[in-house]
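Enquirer: just need the structure, nothing else, for what follows:
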Amino acid sequence: MPDFTLAYDGFDPAQEGLREALTSTGNGYFATRGAAEWEDANAVHYPGTYAHGCFNRETTILGGRPVLNEDLVNLPNWLLLKLRIEGEEAIRLDNVEVLSYRHSYDIRNAVVQREIQFRDRAGRETTLRSRRFVSMAHSHLAGIEWTVTPDNWSGRVEVISGLDGRVTNHMVARYRELEGRHLNPGSPRTFGPEIIALKVQTGSRTSTSPKPRALASSAAVRSCRCSTLQADLRLTRWRLHAASTRWRTTSSRSSPSTSSRAARCAWRR
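Expert: Have a look, this model is predicted:
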């Protein structure tokens, strides 16, 4: 790696779990796996964020006997960004034709990058570039930048960002029979058009020592530039920045387990 870059060309579902682990970013306080922002947790992808010292114990009944297990808790997923084109289904790798795909980790600058060009079911070709980091200067802060380029079309897109408190600890196969739900979501809130927040509590609601946590995210369009790539087609490039995370002790109240917002931008002829 003469340029201090770990790079993978092409998407390989069998290797994605390893690649997510090797491209994790952290700062000593919290760390996040190198999962794609637009994918949910499933057999291939596993978004995971872990904070220093944030453990929890839960009991599972196996064979009629209680088994106590302690996990480093998978905290709410702050990566969540979804791209929708003309109101259609959110883009995922399994519902588009992938034309090119590159996943890289800039070790010198600790930046995770993905660049994917895809063709959707309507024949629209789009390039999505993602960059993200975890801050060393501010231990509670991380950020994502998306650059979306329509390659042969114009129209309307929607980017949905959110904080997902439904995540569990289930990545390690031999522990999947054990209780992996460690989060009790609290109240999602919005602070103006660009900021959302979610409170969660680790440990059961009846625990004598619950550990409340709070997570906040902001998202905004920073630039919308136009360029003529074809004579009769005006295309724009849209960047969306999402920033997270602020952990703090707070009270917990019952409410839905996710907080989300949508931002829209139009590309027209």
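Enquirer: secondary structure class for residue 174?
Expert: Three-state assignment for residue 174 (DSSP: H, G, I helix; E, B strand; the rest coil): helix.
Enquirer: now do it: how many residues are near it, please.
Expert: By other C-beta atoms under 10 Å, the residues close to residue 174 number 6. (C-beta placed from N, C-alpha, C; glycine too.)
Enquirer: low-confidence ranges in the chain?
Expert: By pLDDT under 70, the weakly predicted segments of the chain are 1-2, 204-212, 220-269.
Enquirer: ok, now with 50
Expert: In the predicted model, the chain carries pLDDT under 50 at residues 205-208, 225-256, 264-269.
Enquirer: how about the residue nearest to residue 44 when sequence neighbours are not counted, phi and psi?
Expert: Take residue 44 and drop its neighbours on the chain: the residue closest to it by C-beta to C-beta, 6 or more residues apart in numbering is residue 13, 4.7 Å away. Per-residue torsions, residue 13: phi -60, psi -40 (degrees, to the nearest 10).
Enquirer: the nearest residue to residue 81 once chain neighbours are set aside: what's it in contact with?
Expert: Nearest residue to residue 81, sequence neighbours excluded (C-beta to C-beta, 6+ apart): residue 37, at 4.2 Å. Residues in contact with residue 37 (C-beta atoms under 8 Å, 6 or more residues apart in numbering) are 79, 80, 81, 130, 132, 144, 146.
Enquirer: neighbour count, secondary structure and distance to residue 68 added to those, as CSV?
Expert: Below are the contacts of residue 37 laid out as CSV (neighbours: other C-beta atoms under 10 Å; DSSP: H, G, I helix; E, B strand; the rest coil; distance: C-beta to C-beta, whole Å):
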residue, neighbour count, secondary structure, distance to residue 68
79, 27, coil, 31
80, 23, coil, 31
81, 22, strand, 37
130, 20, strand, 39
132, 24, strand, 36
144, 22, strand, 37
146, 22, strand, 42
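Enquirer: quick one: the helices in this structure?
Expert: Using DSSP state H, the helices of the chain run over residues 16-22.
Enquirer: center of it - which residue?
Expert: residue 79 (1.8 Å; C-alpha atoms, centre = their mean).
Enquirer: what pairs with the nearest residue to residue 110 once chain neighbours are set aside across the strands?
Expert: In this structure, residue 110 finds its nearest non-sequential neighbour in residue 25, 5.5 Å apart by C-beta to C-beta, 6+ apart. Each beta-bridge partner of residue 25 is listed here: residue 32, as defined by DSSP bridges.
Enquirer: residue 25 contacts residue 34, correct?
Expert: Yes: shown here, residue 25 and residue 34 form a contact pair, counting by C-beta atoms under 8 Å, at 7.1 Å.
Enquirer: these two: who's more crowded?
Expert: With neighbours defined as other C-beta under 10 Å, residue 25 and residue 34 compare such that residue 34 has more, 23 against 18.
Enquirer: any chance you could read off phi and psi for that one?
Expert: Note on residue 34: its backbone torsions stand at phi -80, psi 50 [degrees, to the nearest 10].
Enquirer: for the one 5 residues further on, same thing?
Expert: Main-chain dihedrals, residue 39, degrees, to the nearest 10: phi -110, psi 140.
Enquirer: mind listing what it touches?
Expert: By C-beta under 8 Å, 6+ apart, residue 39 lies in contact with 45, 47, 92, 93.
Enquirer: neighbours around the residue nearest to the last one when sequence neighbours are not counted, how many?
Expert: Read that as residue 93. Of all residues not flanking residue 93 in the chain, residue 11 sits nearest, at 6.2 Å (C-beta to C-beta, 6+ apart). Using other C-beta under 10 Å, residue 11 is surrounded by 18 other residues.
Enquirer: ok, now residue 12?
Expert: 13.
Enquirer: residues contacting the residue nearest to the centre of the chain?
Expert: Residue 79 makes contact with 32, 35, 37, 47, 49, 132, 144, according to C-beta under 8 Å, 6+ apart.
Enquirer: could I get the contacts of residue 39 as CSV with distance to residue 119 and neighbour count?
Expert: As requested, the contacts of residue 39 are exported to CSV (distance: C-beta to C-beta, whole Å; neighbours: other C-beta atoms under 10 Å):
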residue, distance to residue 119, neighbour count
45, 21, 18
47, 25, 22
92, 14, 16
93, 12, 18
